[in-house]
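Asker: Structure here, sequence nowhere to be found:
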């Protein structure tokens with residue numbers, strides 16, 4: 001019986017070139033893979049990135065060593081202002097005892113007023129805004145006149161009100177400028193990120209260092225440190241104010257030789273502890289800012 005099924009038609013390779021199809025497909029695939037690898041590869045650091053990574057400290061001191069830098073317009077006025085502040089600080093340290101004795105009658109006059117304690121509170125509030133300084137002097141006077149308990153209460157109240165005012169002022173009036181500085185200045189941007197990432201520990205360590213507290217408050221507020229975090233660190237740093245008030249009590253009692261020796265011992269002890277904390281804070285913040293700088297540069301390279 002004769003079959004009714006026809007033989008299958010053979011596939012013509014000249015019509016369907018399998019090798020060509022495979023080669024074309026594999027070529028397109030290799031091109032896609034190559035372009036994908038090119039998109040995912042992080043570009044190499046630029047010379048400016050390398051210069052930033054090689055910078056170990058927060059401040060580039062090399063440009064300040066050049067006289068040409070200080071000969072420029074505003075820099076000369078900055079130098080003059082810095083020299084005036086340094087001279088005032090040195091005079092306040094050298095003539096510390098004499099200044100206290102000159103101001104003691106004024107402090108006793110405030111003590112005899114019905115609400116005289118509000119005057120040092122107001123003075124501390126005003127001095128909390130940089131570049132003013134003099135908190136320690138007012139705290140010692142409060143210890144000399146009001147004693148350890150009331151004097152510490154006055155200093156704590158004035159410090160809190162001034163620091164809160166400083167925090168709010170810089171947070172709401174200087175925040176936009178700080179954001180621009182974070183984008184334009186690598187060092188400030190790294191510092192701001194290090195403070196935000198470090199959180200409470202960074203704020204507390206810096207408040208115990210030799211850096212004036214109202215200067216760090218201005219930086220903390222513009223870098224995004226929360227109000228509750230800042231307030232808690234300020235509360236835990238009050239022993240630093242208590243020691244200053246107690247030094248005023250010792251100065252008031254320095255009529256005899258024993259109290260004078262106690263005053264010198266307390267001053268030396270506070271200075272040693274403050275310097276030790278400052279060295280630790282500088283090393284701690286240097287490590288934090290270096291890590292933040294590396295992360296910022298890596299993010300910029302990824303964006304490119």
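Answerer: Sure, I can see it. Note that the structure is predicted; figures quoted are calculated from it, not measured.
Asker: pretty sure residue 219 contacts residue 188?
Answerer: No. At 9.2 Å, residue 219 and residue 188 do not qualify as touching, with contact defined as Cβ atoms under 8 Å. In short, each C-beta sits where N, CA and C put it, glycine included.
Asker: pLDDT weak spots in the stretch 201-304 of the chain?
Answerer: Residues of the stretch 201-304 of the chain that meet the criterion pLDDT under 70 lie in 254-260, 262-263, 304.
Asker: all helices of it, in order?
Answerer: For the stretch 201-304 of the chain, the helices defined by DSSP state H, counting those that start in this stretch cover 213-223, 227-236, 238-252, 257-303.
Asker: looking at these, which is buried most?
Answerer: Among these, the stretch with the highest mean neighbour count (mean count of other Cβ atoms under 10 Å) is helix 213-223, at a mean of 23.
Asker: Residue 163: how many residues sit nearby?
Answerer: Residue 163 has 24 neighbouring residues, counting by other Cβ atoms under 10 Å.
Asker: angle of the host helix or strand of it against helix 227-236?
Answerer: Take DSSP states H and E as the rule and residue 163 turns out to sit in helix 148-173. Here helix 148-173 runs at an angle of 160 degrees relative to helix 227-236 (axes from the mean of the first three to the mean of the last three Cα atoms, to 10 degrees).
Asker: Following element in sequence after helix 148-173, please.
Answerer: For helix 148-173, the following helix or strand on the C-terminal side (DSSP H and E) is helix 175-184.
Asker: Could you list the buried residues of the helix or strand that comes right after that following helix?
Answerer: Using DSSP H and E, the helix or strand that directly follows helix 175-184 along the chain is helix 186-198. By neighbour count on 16 or more other Cβ atoms under 10 Å, the buried set for helix 186-198 is 186-195, 198.
Asker: Likewise for stretch 109-121?
Answerer: In stretch 109-121, counting by 16+ other Cβ under 10 Å, buried: 110-111, 116-117, 119-121.
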